[in-house]
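A.B. asks: sequence-free structure coming up:
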């Protein structure tokens, strides 16, 4: 009797020793936290297999492993042995549709040949320029005091785009080329009413070309930029659900600003018009990082990127102020070479198809162009006859959305 009991116990222990690693091996094969439903290739996030049972035989003892959504239970004969809990849809799991989801050739972060188009909806920061204010007529009131409305040029949110693509060099690196275009404008008109007059803010204070008491004033402001980026991108931190890439390359940057304002006064001054242009053309170096954290069951991820460039080039500014009766011309030409740092950042949500062929994303971006020259600053220097120390930061921020095809 003792001998039979000993044999039965020995068989039971032997079955557990051989069967337990086999049950655990199913999990380690898919990565930490992977659910056993991954063995069913037809399972989807909305229709998963609710449980699975695996039975092994050793001698006269059957070992049955039952997996449910919340636990795994080992059935040894009539006894139940608890196993570690198994998450059902954790964001820490690998792709449940492929045992190769963590390999570089099949992973969601693998570098591939791509083409993409991106919609930009950006607003420039601090772009407002006051070109005229309404006030009392000093000839009547004895002083020129503001009475309310101002003529202001302030560019709001305007659309733009970015297009480009990349060529995979290896599973973890690629070369890219992108082109970015954005342009905004604003127009405004203000008219003197009653006993009020208009006081110009941008016209040069010359009695030969401008009157201190205008009847009507108009203004227009244009602002735009173009970027061409080319470089190299490589992954250096990767796992099943996270990836970080570094970026290095070169950049061409062009920034264009234009302001036009006119004032109508009584004879003998008439119509006086000011036109100014401020442009930048430059080349420089580009570097940055992009990172992404993915929720595998949903195919959705949180991404972020930051880029910095040092672009060297010439700032050229030109202005001409004329009068319809030939009351003189006020002219200015300014040129200076300088290094302009540009800092960009973007965060958002992305979705990628199960076969990693299509990617869509939506986010918010912001950029700052440091050590720049704005139209408002240049015209202020023109009126003060002092162009020393011109330096300002131009900013752009807004929403982005893109669609990318990978092959």
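C.D. replies: Happy to help now that I have it. Only a predicted model underlies this, so the values are computations on that prediction, with no experimental measurement involved.

A.B. asks: Show me what secondary structure element comes after the host helix or strand of residue 244.
C.D. replies: In the assignment (DSSP states H and E), residue 244 maps to strand 242-264. The helix or strand immediately downstream of strand 242-264 is strand 271-295, counting by DSSP H and E.

A.B. asks: Helices of this structure, start to end?
C.D. replies: Chain-ordered helices for the chain, with DSSP state H as the definition, fall at 2-28, 138-141, 375-384.

A.B. asks: For the stretch 51-200 of the chain, just list every one of the strands.
C.D. replies: Using DSSP state E, counting those that start in this stretch, the strands of the stretch 51-200 of the chain run over residues 52-58, 61-67, 72-76, 79-82, 114-125, 129-136, 146-153, 158-170, 173-191, 196-200.

A.B. asks: Same question for the stretch 301-407 of the chain.
C.D. replies: With strands called from DSSP E, counting those that start in this stretch, the stretch 301-407 of the chain shows them at 330-352, 358-372, 392-406.

A.B. asks: quick one on the thing from earlier: pick out the shakiest of the helices of the chain, pLDDT-wise.
C.D. replies: The minimum mean pLDDT among the helices of the chain belongs to helix 2-28 (a mean of 42).

A.B. asks: Who are the contact partners of residue 169?
C.D. replies: Contacts for residue 169 (Cβ atoms under 8 Å, 6 or more residues apart in numbering) come out as 111, 175. To be clear about C-beta, it is placed using only N, CA and C from the backbone, and glycine gets the same treatment.

A.B. asks: how does the chain divide into domains?
C.D. replies: According to automatic domain parsing, the chain comprises the domains 29-94, 114-406.

A.B. asks: Now tell me which of the ones you listed the model trusts least on average.
C.D. replies: Lowest mean pLDDT within these: domain 29-94, a mean of 42.

A.B. asks: right, and residue 263 touches residue 133 too?
C.D. replies: No. Residue 263 is not in contact with residue 133 according to Cβ atoms under 8 Å; the separation is 11.9 Å.

A.B. asks: anything in contact with each of these two?
C.D. replies: Counting by Cβ under 8 Å, 6+ apart, the residues touching both residue 263 and residue 133 are residue 198.

A.B. asks: These two: who's more crowded?
C.D. replies: residue 263 (30 against 21; other Cβ atoms under 10 Å).

A.B. asks: Just give me the neighbour total for the residue lying closest to the more buried one once chain neighbours are set aside.
C.D. replies: Spatially, and ignoring its direct neighbours in sequence, residue 263 is nearest to residue 214 (4.3 Å; Cβ to Cβ, 6 or more residues apart in numbering). By other Cβ under 10 Å, 25 other residues sit near residue 214.

A.B. asks: contacting residues for residue 214?
C.D. replies: Taking Cβ under 8 Å, 6+ apart as the criterion, residue 214 is in contact with 132, 192, 197-200, 263-265.

A.B. asks: Throw together a ChimeraX command that grabs the buried residues out of the residues you listed.
C.D. replies: Applying 16 or more other Cβ atoms under 10 Å to these leaves a buried subset, and the ChimeraX line that selects it is:
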select :132,192,197,198,199,200,263,264,265
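
A.B. asks: Redo the contacts of residue 214 as CSV? Include distance to residue 240.
C.D. replies: Formatted as CSV, the contacts of residue 214 follow (distance: Cβ to Cβ, whole Å):
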residue, distance to residue 240
132, 61
192, 69
197, 71
198, 66
199, 66
200, 64
263, 66
264, 69
265, 72
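
A.B. asks: which of the contacts of residue 214 sit farthest apart?
C.D. replies: Greatest spacing in the contacts of residue 214, by Cβ to Cβ: 199 and 264 (13.6 Å).

A.B. asks: Sort out which one of the contacts of residue 214 lies nearest residue 360 for me.
C.D. replies: So of the contacts of residue 214, ranked by how close each gets to residue 360 (Cβ to Cβ), first place is residue 132, at 45.9 Å.

A.B. asks: measure the residue lying closest to residue 302 once chain neighbours are set aside to residue 234 for me?
C.D. replies: With Cβ to Cβ, 6+ apart as the criterion, residue 302 has its nearest non-adjacent residue at 5.1 Å, and that residue is residue 293. Using Cβ to Cβ, to the nearest Å, we find residue 293 at a distance of 19 Å from residue 234.

A.B. asks: surely residue 152 meets residue 134?
C.D. replies: No. Contact criterion Cβ under 8 Å: residue 152 and residue 134 do not qualify, at 11.7 Å.

A.B. asks: Neighbour count for the two, which is higher?
C.D. replies: The neighbour comparison of residue 152 against residue 134 (other Cβ under 10 Å) goes to residue 134, with 21 against 17.

A.B. asks: nearest to residue 355, of the strands of the stretch 51-200 of the chain?
C.D. replies: Taking Cβ to Cβ, strand 114-125 is the member of the strands of the stretch 51-200 of the chain nearest to residue 355, at 14.2 Å.

A.B. asks: and the gap between the closest residue to residue 244 other than its chain neighbours and residue 227?
C.D. replies: Using Cβ to Cβ, 6+ apart and skipping the chain neighbours, the partner closest in space to residue 244 is residue 237 (4.0 Å). Separation of residue 237 from residue 227 (Cβ to Cβ) stands at 27 Å.

A.B. asks: and what of residue 258?
C.D. replies: 19 Å.

A.B. asks: buried stuff in stretch 110-119?
C.D. replies: Of the residues in stretch 110-119, 110-112, 114, 116, 118 count as buried by neighbour count, 16+ other Cβ under 10 Å.

A.B. asks: what's near enough to touch the closest residue to residue 193 other than its chain neighbours?
C.D. replies: For residue 193, ignoring the flanking residues on the chain, the nearest one in space by Cβ to Cβ, 6+ apart is residue 134 at 7.7 Å. Contact analysis of residue 134 by Cβ under 8 Å, 6+ apart lists 146-150, 190, 192-193, 196-199.

A.B. asks: All set now, cheers.
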